[in-house]
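A.B. asks: my questions concern the predicted model and sequence given below.
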Amino acid sequence: MKKSPPVSSVKVPFLGLALLTFCIFAGCTTPESRWETDFDTALAKAQMRHKNIFLLFTGTAWDSISEDLLFSIFNTQEFKKGAGKNYVLLHIDVPDIPTALNREKAAETFRLAVNMGVRAAPTALLVTETGRPFAFLPITTETKTAQNVLDLIKAERPREKKINRLYGKIQKTQGSKKAEYIDAFIETVPERFHITLNDLFIRIIETDPENKSGLLGKYKLRMASENAARAFHAGTLDNELNELLILINEKNLLSPSQIQDAYYQLAYFAVNSGKISQDEAVTYLRQAYNAVPDSAAAAHILDIIESLAGDRLPAGNASFTGSLPPNEADSAPAVKD
């Protein structure tokens, strides 16, 4: 007499079919399509899987647009599956600090957003597996579907491929060549994120102290400028001005356009912090102008000089801010990546 198979042997296939059917209609969440909510956890996951991170900042407690886009785009299976194939998904919701239950945690989240160059919510970024933002995805009123955001990600693929290649080169090289690859990496990252790259500025200085790459002056000036800006905003500006002067007077370190930039910043920070008079600021600005009289920034400097000397507002679109228009002659050296 033929025995019937055990009950469990006929139930398992049925159960598997039932689960499969449920997933198809209900949309099961896979590890790739799940949102992480902790930065360090997402970073560890990205490094383990060798993926970059799609980082979404929202403010659902104080921004209705964030809430709407989460529902209509970012929490849909179409988006999570589409983006989750290539990225670790990280969602950071920035709370309203005054009303937050844990104000310390809320302040920490806010600092993370600021350090990532976030200026509003919602903001979507692409971030390397080492935690460096390299692309800003413009979420606008025209961003209405998951496919719209996936297209924004796709548009950043060329930059992402270059970033990944340069990161690999940085790990494999030493000395001045390494400094050149770090510089190329920095210049590939949009300016708005350079605040997150100070450690790379320092690495160039430490990697190539003999200046074989020709980049030492560029990054010593960047560091001095960052230090002066931080001290200026904190109201503690003092030795940072001397740091700029020392760089200017260091032989064969700065290019003429870098000297122009250094004198300009010296004038700006010193006069706006009350360390020097307007006449002394004009003296520094004249030295800035004379460094490269035919540069793209020279006309701007000249108008500032005339406005300070004549005690009037600058003409046209000129304004005495902490940075000059970029000089094309001072662009980064070409590096094959």
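C.D. replies: Everything's here; your move.

A.B. asks: CA atoms for contacts and neighbours, from now on please.
C.D. replies: Will do.

A.B. asks: next one, pLDDT for the closest residue to Leu241 other than its chain neighbours please.
C.D. replies: In space, and not counting its chain neighbours, Leu241 is closest to Leu266: 6.3 Å by CA to CA, 6 or more residues apart in numbering. According to the prediction, Leu266 has pLDDT 94.

A.B. asks: contacting residues for the closest residue to Ala121 other than its chain neighbours?
C.D. replies: Leaving aside its chain neighbours, Ala121 sits nearest to Thr58 (5.1 Å; criterion: CA to CA, 6+ apart). By CA atoms under 8 Å, 6 or more residues apart in numbering, Thr58 lies in contact with Ser66, Glu67, His91, Ile92, Asp93, Val94, Ala121, Pro122, Thr123.

A.B. asks: likewise for Ala124?
C.D. replies: Phe54, Leu55, Leu56, Phe57, Phe136, Leu137, Pro138, Ile139.

A.B. asks: the first one bridge partners, please.
C.D. replies: What that stands for is Phe54. Leu89, Leu126 (DSSP bridges).

A.B. asks: quick revisit: narrow the contacts of Ala124 to those in strands?
C.D. replies: Members of the contacts of Ala124 lying in strands (criterion: DSSP state E): Phe54, Leu55, Leu56, Phe57, Phe136, Leu137.

A.B. asks: so which of those comes closest to Val189?
C.D. replies: Using CA to CA, Phe136 is the member of the ones in strands among the contacts of Ala124 that lies nearest Val189, at 9.9 Å.

A.B. asks: right, and that closest one touches Val127 too?
C.D. replies: No - counting by CA atoms under 8 Å, Val127 is not a contact partner of Phe136; they are 9.3 Å apart.

A.B. asks: neighbour count winner among these two?
C.D. replies: Taking other CA atoms under 10 Å, Phe136 and Val127 do not tie; Val127 has more neighbours (24 against 21).

A.B. asks: thinking the more buried one is in contact with Asn52, fair?
C.D. replies: Yes - counting by CA under 8 Å, Asn52 is a contact partner of Val127 at 5.8 Å.

A.B. asks: re earlier: out of the ones in strands among the contacts of Ala124, which one sits closest to Lys275?
C.D. replies: Closest to Lys275 out of the ones in strands among the contacts of Ala124 is Phe136 (37.7 Å), distances taken as CA to CA.

A.B. asks: so what's that closest one closest to, chain neighbours aside?
C.D. replies: Closest to Phe136 by CA to CA, 6+ apart is Leu125, at 4.8 Å.

A.B. asks: about what we covered before: which strand residues bridge the residue nearest to Ala121?
C.D. replies: Asp93.

A.B. asks: related to what we said a few turns ago, which of the contacts of Thr58 ranks first by neighbour count?
C.D. replies: When neighbours are counted by other CA under 10 Å, Val94 leads these with 25 neighbours.

A.B. asks: look up phi and psi at it.
C.D. replies: Torsion angles at Val94 (phi, psi; degrees, to the nearest 10) stand at phi -80, psi 120.

A.B. asks: in space, what's closest to it - neighbours in sequence excluded?
C.D. replies: Spatial nearest neighbour of Val94, excluding adjacent residues (CA to CA, 6+ apart): Gly59 at 4.9 Å.

A.B. asks: CA atoms only: put the helix or strand where Asp183 lies into PDB for me.
C.D. replies: According to DSSP states H and E, Asp183 maps onto helix 175-188. The C-alpha trace of helix 175-188 is given here as PDB (Å, rounded to 0.1, in the frame of the first residue of the first chain):
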ATOM      1  CA  GLY A 175      54.200  61.300  -2.900                       C
ATOM      2  CA  SER A 176      53.500  64.000  -5.500                       C
ATOM      3  CA  LYS A 177      51.400  61.700  -7.700                       C
ATOM      4  CA  LYS A 178      49.100  61.000  -4.800                       C
ATOM      5  CA  ALA A 179      48.800  64.700  -4.200                       C
ATOM      6  CA  GLU A 180      47.800  65.200  -7.800                       C
ATOM      7  CA  TYR A 181      45.100  62.600  -7.600                       C
ATOM      8  CA  ILE A 182      43.800  64.100  -4.300                       C
ATOM      9  CA  ASP A 183      43.700  67.500  -6.000                       C
ATOM     10  CA  ALA A 184      41.800  66.000  -9.000                       C
ATOM     11  CA  PHE A 185      39.400  64.400  -6.600                       C
ATOM     12  CA  ILE A 186      38.700  67.700  -4.800                       C
ATOM     13  CA  GLU A 187      38.200  69.600  -8.000                       C
ATOM     14  CA  THR A 188      35.700  66.900  -9.200                       C
END
